[in-house]
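Colleague: Let me see the structure of the following:
(4 chains)
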Amino acid sequence: MIEVTNQPIDIMEQIKKVESPDAGGIDVFIGTVRNRTRQKNVVALEFEAYEKMAVSELQKIIDTTKEKWPVLKIAVSHAVGRKNIGELAVVIAVSAAHRDAAFQACRYVIDTLKQTVPIWKKEIFDDGEVWVSAHP
Amino acid sequence: MIEVTNQPIDIMEQIKKVESPDAGGIDVFIGTVRNRTRQKNVVALEFEAYEKMAVSELQKIIDTTKEKWPVLKIAVSHAVGRKNIGELAVVIAVSAAHRDAAFQACRYVIDTLKQTVPIWKKEIFDDGEVWVSAHP
Amino acid sequence: MRISILLFGIAKDIIGSKNLEIEVNEECRVNDLKQEILNQYPGFENLKHLAIAVNNEYARGETSIKPSDEIALIPPVSGG
Amino acid sequence: MRISILLFGIAKDIIGSKNLEIEVNEECRVNDLKQEILNQYPGFENLKHLAIAVNNEYARGETSIKPSDEIALIPPVSGG
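Modeller: Next up, the predicted model:
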């Protein structure tokens, strides 16, 4: 249920992974490449991952999430490589019997992913590039 | 961006409606028909809507949501008719520049939809049927 | 005057029809109509609550009703 | 002993390579390695923080390092 991929992420494939007859709700978060950041025009993002560790950190997040909320299944797909405006950076799908757990768990996965998973994002502008969050 | 339909809901169609180059995140809630409720096996759900009013109440929810959070686009599709286990009852997609607004707005839409939109759900069991929430 | 009312969900089951025709006084407000319905169909007393929509909007009790209005009974909703 | 370190993101740019070979004392802990890297490559001082992973896990400062370990520099992450 974890994938770090240089191919375009298939949203429906991620959703199908978490479908269940026990599910009353599925929450899906889709991170897309935005055209602006801090008042500058973004041309593209370039994602790099320490793949083995990224997968194991994502597995830890999924395990913790399942301890914290009564969810059924969790799927995470994160992109690596160059992604243009509107393309997908990450898709997280969480199914649960009740929607409250699905929403809270999905939010927790993306928030924690951004803090701990060894994936790095470079913003590419017309006039340069910046590794996001690297500097204080 | 609002649809009350007796056809199967197309999740990707709803997501495509809210895509935007300004979007950094899309949150999608998918309500699916669950096989159990209050310790009983559900065979199917039957949804009925007062369609014109349902659409206008959904529009009010969308308008209020856009006042409360900085979101870009909101799409809501709700099913009517008989839906079997695993089929889709509702899909809500919300795009925003930042994920916090997308999550909160999506949650608000489904929570408020369940309180105000004139749509009714009948649970069909092996041994009978019940209009959900009708009685105290 | 004669009022035509749209019925949905359990309201349809209680009355056994998709529509209800009911005779009310000329100066009829939403509260009066609701009372008249409860008098004629005590089954509604068992519901958690019962709202009335006038022209596709939830109506307050004091709203006046005309025969040309589109009126609907709104039993407790349960979409989603 | 000689340690091989995997580099990602801005760490790769600072050192100008995907790998760093570095000579450290036999009894080397994660904190010692980090100090040695900061001494040799002051560019890392400007980062918000710098973690070290040993065998695909975030490592504590007191963790001992063996040449057979898979070691990586983890500059501030920014996935999602």
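
Colleague: got the contact list for the residue of chain C found nearest chain A?
Modeller: Residue of chain C nearest chain A, by C-beta to the nearest C-beta: C:Gly80 (8.3 Å). C-beta coordinates here come from the backbone N, C-alpha and C atoms, glycine included. For C:Gly80, the contacting residues are B:31, B:78, B:89-90, B:110, B:113-114, B:119, B:121, by C-beta atoms under 8 Å, 6 or more residues apart in numbering or on different chains.

Colleague: What helices and strands are in contact with the lengthiest helix in chain C?
Modeller: The longest helix of chain C (DSSP state H) is helix C:30-40. If contacts are counted by 3 or more C-beta pairs under 8 Å, 6 or more residues apart in numbering or on different chains; DSSP states H and E, helix C:30-40 sits against strand C:2-6, strand C:19-23, strand C:51-54.

Colleague: among these, which is the most enclosed?
Modeller: Counting by mean count of other C-beta atoms under 10 Å in any protein chain shown, strand C:51-54 has the highest mean neighbour count of those, with a mean of 20.

Colleague: Give the rounded mean pLDDT of that strand.
Modeller: Strand C:51-54 carries an average pLDDT of 98.

Colleague: what's it in contact with?
Modeller: Residues from elsewhere that reach strand C:51-54, judged by C-beta under 8 Å, 6+ apart: B:50, B:53, B:118, C:30, C:33-34, C:58-59, C:63, C:65, C:69-74.

Colleague: Give me the neighbour count for residue 72.
Modeller: Answering for chain A, as no chain was given. Neighbour count for A:Leu72, taken as other C-beta atoms under 10 Å in any protein chain shown: 21.

Colleague: my bad, the chain I had in mind was chain C
Modeller: So C:Ala72, with other C-beta under 10 Å, has 23 neighbours.

Colleague: That one against C:Ile3, yeah?
Modeller: No. Applying C-beta atoms under 8 Å as the test, C:Ala72 and C:Ile3 come out as separate, 11.2 Å apart.

Colleague: Helix or strand with the lowest mean pLDDT in chain A?
Modeller: The helix or strand of chain A with the poorest confidence is strand A:36-37; it has a mean of 86 (mean pLDDT, DSSP states H and E).

Colleague: Just checking: what are the partner strands of the next helix or strand after that one?
Modeller: Using DSSP states H and E, the helix or strand that follows strand A:36-37 in sequence is strand A:40-49. Sheet partners assigned to strand A:40-49 using DSSP bridges are listed as strand A:36-37 (antiparallel), strand A:81-84 (antiparallel), strand A:119-125 (antiparallel).

Colleague: got these as a markdown table, with mean neighbour count columns?
Modeller: Formatted as a markdown table, the strands paired with strand A:40-49 follow (neighbours: other C-beta atoms under 10 Å in any protein chain shown):
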| stretch | mean neighbour count |
| --- | --- |
| strand A:36-37 | 14 |
| strand A:81-84 | 16 |
| strand A:119-125 | 20 |
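
Colleague: Including distance to B:Ile26, could these go into a markdown table?
Modeller: Output for the strands paired with strand A:40-49, formatted as a markdown table (distance: least, C-beta to C-beta, whole Å):
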| stretch | distance to B:Ile26 |
| --- | --- |
| strand A:36-37 | 17 |
| strand A:81-84 | 15 |
| strand A:119-125 | 18 |
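
Colleague: Mind checking the ones you listed for the one nearest to B:Pro8?
Modeller: B:Pro8 sits nearest to strand A:81-84 of all those, at 30.4 Å, using C-beta to C-beta.
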